[in-house]
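Engineer: just the structure for this:
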Amino acid sequence: MQRARQALAPRRIAGLYALTPDLADTDALTSAVAAAIDGGASMIQYRNKPAATELRLRQATALRALCVARAVTFIINDDVALARDVAADGVHLGRDDTNLARAREVLGDAPLIGASCYDSLERAEAAVAAGADYIAFGSFYPSATKPDAARAGLALLGAAKARWSIPVVAIGGINAGNARALIESGADALAVIADVFLAPDQQAIEQRARAIAALFF
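Structural biologist: Model prediction:
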């Protein structure tokens with residue numbers, strides 16, 4: 001059953017890629033994510049690093065069900081085992097996470113694997129060679145989530161698009177005011193946390209998501 005669900009999973013890596021905030025309230029998290037999807041988010045990444053294992057499983061299961069119902073790609077941040085256990089559409093890996101080859105062994109061929117490449121084309125080259133389905137660069141702008149992150153330049157996106165055919169994702173301090181420059185520079189998707197999910201209510205979350213998603217059309 002898990003393999004069949006994965007084989008039928010959405011494969012779109014484009015548009016607004018909404019990364020979840022650290023919320024302990026699963027109902028509140030699910031409602032916030034639903035609002036982001038209503039606003040046009042085409043991908044959801046679950047990340048809640050402070051959460052205990054049981055909470056992470058509960059939240060990931062709830063979000064997976066929501067994304068299946070709404071035909072939205074669902075990615076797990078860092079945790080390969082959790083991605084396997086909830087039959088997520090894929091996993092996103094950073095420099096300190098499971099290496100890509102091992103993740104592929106655990107997950108099989110169908111799920112997507114994304115790789116953080118920060119400000120490095122060399123890291124991207126290694127990820128592509130290892131079979132990454134998409135590569136992510138950033139931080140492009142100051143980010144409260146990762147204030148010490150390496151800063152990437154817009155030219156990096158064009159260089160990556162010229163070199164590789166897989167989708168390129170931009171992350172870091174992105175909002176509706178600065179997103180267009182990233183898209184015009186070559187980003188296929190924009191990964192956003194704060195500008196969407198720090199909105200004061202579900203209506204505002206939907207509106208902020210829509211403002212970014214609309215830039216792709």
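Engineer: lowest-confidence helix or strand of this protein?
Structural biologist: Lowest mean confidence among the helices and strands of the chain (mean pLDDT, DSSP states H and E): helix 2-7, at a mean of 41.
Engineer: now the helix or strand following that one: average pLDDT?
Structural biologist: Downstream of helix 2-7, the next assigned helix or strand under DSSP states H and E is strand 15-19. In this model, strand 15-19 carries a mean pLDDT of 98.
Engineer: direction included, what does strand 15-19 pair up with?
Structural biologist: When pairing is defined by DSSP bridges, strand 15-19 lines up against strand 43-46 (parallel), strand 189-192 (parallel).
Engineer: looking at those strands, spot the one closest to residue 122.
Structural biologist: Shortest distance between residue 122 and the strands paired with strand 15-19, using C-beta to C-beta, is found for strand 189-192: 20.9 Å. C-beta here means a position set from N, CA and C on the backbone, and glycine is covered the same way.
Engineer: need the next SSE after the closest one, C-terminal direction.
Structural biologist: helix 194-197.
Engineer: can you list contacts of stretch 105-117?
Structural biologist: Outside stretch 105-117, the residues that touch it by C-beta atoms under 8 Å, 6 or more residues apart in numbering are 3, 6-7, 9, 11, 13, 73, 75, 80-81, 83-84, 88-95, 98, 100, 103-104, 123-124, 127, 130-137, 169, 171.
Engineer: can you pull out the strands in the chain?
Structural biologist: 15-19, 43-46, 73-77, 90-93, 112-118, 134-137, 168-171, 189-192 (DSSP state E).
Engineer: mean neighbour count and distance to residue 152 for those strands - can I get that in TSV?
Structural biologist: Shown next, in TSV, are the strands of the chain (neighbours: other C-beta atoms under 10 Å; distance: least, C-beta to C-beta, whole Å):
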stretch	mean neighbour count	distance to residue 152
strand 15-19	26	16
strand 43-46	26	18
strand 73-77	24	19
strand 90-93	27	17
strand 112-118	25	7
strand 134-137	26	5
strand 168-171	28	8
strand 189-192	26	12
